[in-house]
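Colleague: curious how this folds, go ahead:
(one chain, ligands or ions: 2)
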Amino acid sequence: AMLDPVPQDLAGRHVLITSGPTHEPIDPVRYIANRSSGKQGHAIAAWMARHGARVTLVSGPVTLADPPGVDVVKVETARQMLAAVEAALPADVAVMAAAVADWRTDGESDRKIKKDGSGKVPVLALTENPDILATIGRHSSARPRLVVGFAAETNDVVDNARGKLERKGADLIVANDVSPETGVMGGDANTVRLVSHDGVTDWPTLSKDEVARRLVAEIARRLAATVG
Ligand code: CTP
Ligand code: CA
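Modeller: Ligands and ions are numbered 1, 2, ... in the order given. From the prediction side, this is the model:
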């Protein structure tokens, strides 16, 4: 059967997406990172483009191909990701799907840290990274009309997602249970619930591509429901 054509309901819109992990260098050969394949964020970028949007995808290090029809900005660290996101504003919609490292080392070493043979271990001092979603959600002059975040949780999924919705000034949080038994991390499937000021909607377990397809349709619907 013929596939239904994708509605071009995001034509003329600029959508800003973050995806993948960030890498926070410890020294020239080591880094701190979250686990993230980038599959979900990249799939969202691809579906946004199919709906006619101009898409800027700010991506941390991933092994995925660039989605077709998307402007990709490649970064490594959380601070670079924030700078690239701010440089890409204004946008109508922001979807912050990256797994940003919460902490970076306080002063990376420009030389490789060596074992000295004594068994003594280095102590890493950490400092908190900027919160990109909160910066965008609470932006004073260029807040996108719709700001969407993710909440990867292993427990108390809805309560934690509601907290993030409030704290970060988001309109919608895509909450997912990433406890090890779900197989979400690195896998192709995702079980999400949408948490907004309207309430909570549970979706069945779907492929990450199908989650992206439905999420983009939902975002287009919500955007059309706001003025302009
Ligand atoms: N996020 C971000 N910048 C950060 C940390 C998180 O933009 N420095 C975004 C993520 O892209 C995601 C949302 O915030 O959309 C929630 O990320 P998460 O790691 O679940 O939340 P945190 O606020 O970091 O809380 P915690 O890890 O302690 O649960
Ligand atoms: Ca975090």
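
Colleague: which residues sit against the lowest-mean-pLDDT helix or strand in the chain?
Modeller: Counting by mean pLDDT, DSSP states H and E, the chain has its least confident helix or strand at strand 189-190, which shows a mean of 88. Here strand 189-190 makes contact (Cβ atoms under 8 Å, 6 or more residues apart in numbering) with Gln40, Asn176, Gly183, Val184, Thr205, Leu206, Ser207, Lys208, Val211. Yep, even glycine has a C-beta here, placed from its N, CA and C like the rest.

Colleague: how many neighbours does the fifth one have?
Modeller: Counted by other Cβ atoms under 10 Å, the residues lying close to Thr205 total 13.

Colleague: confidence score at the nearest residue to it once chain neighbours are set aside?
Modeller: Excluding the flanking residues, the one nearest Thr205 by Cβ to Cβ, 6 or more residues apart in numbering is Thr191, at 4.4 Å. Listed pLDDT for Thr191 reads 91.

Colleague: and Thr191, how far from ligand 1?
Modeller: Using Cβ to the nearest ligand atom, to the nearest Å, Thr191 is found at 16 Å from ligand 1.

Colleague: what's around that residue, how many residues?
Modeller: Thr191 has 18 nearby residues by other Cβ under 10 Å.

Colleague: tell me what the helix or strand Val158 falls within is packed against?
Modeller: Assessed by DSSP states H and E, Val158 sits inside helix 157-167. Helix 157-167 sits against strand 146-153, strand 172-177, strand 192-196, with contacts defined as 3 or more Cβ pairs under 8 Å, 6 or more residues apart in numbering; DSSP states H and E.

Colleague: make a markdown table out of those strands and add mean neighbour count.
Modeller: Formatted as a markdown table, the helices and strands packed on helix 157-167 follow (neighbours: other Cβ atoms under 10 Å):
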| stretch | mean neighbour count |
| --- | --- |
| strand 146-153 | 23 |
| strand 172-177 | 23 |
| strand 192-196 | 21 |
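
Colleague: quick one: closest of these to Thr135.
Modeller: strand 146-153 (10.4 Å; Cβ to Cβ).

Colleague: mind listing what the closest one pairs with, with the direction of each?
Modeller: Strand pairing for strand 146-153, determined by DSSP bridges: strand 93-96 (parallel), strand 172-177 (parallel).

Colleague: do the shortest one and ligand 1 come into contact?
Modeller: In this case it means strand 93-96. Yes: using Cβ under 6 Å from any ligand atom, strand 93-96 comes into contact with ligand 1 via Met96.

Colleague: give me the buried positions along that strand.
Modeller: Val93, Ala94, Val95, Met96 (16 or more other Cβ atoms under 10 Å).

Colleague: residues in contact with the biggest helix by length in the chain?
Modeller: Of all the segments assigned as helix in the chain under DSSP state H, the longest by residue count is helix 208-225. Contacting residues not belonging to helix 208-225 are listed as 7, 9-10, 13, 39-40, 43-44, 46-48, 50-51, 92-93, 95, 145-146, 148, 171-172, 174, 188-190, 192, 194, 203, 206 [Cβ under 8 Å, 6+ apart].

Colleague: in it, what counts as buried?
Modeller: 208-213, 215-216, 218-220, 222-223.

Colleague: I'd like those laid out as a markdown table, including distance to ligand 1.
Modeller: Rendered in a markdown table, the data for those read as follows (distance: Cβ to the nearest ligand atom, whole Å):
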| residue | distance to ligand 1 |
| --- | --- |
| Lys208 | 15 |
| Asp209 | 19 |
| Glu210 | 20 |
| Val211 | 14 |
| Ala212 | 15 |
| Arg213 | 19 |
| Leu215 | 13 |
| Val216 | 16 |
| Glu218 | 16 |
| Ile219 | 14 |
| Ala220 | 19 |
| Arg222 | 17 |
| Leu223 | 18 |
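
Colleague: all set, thanks.
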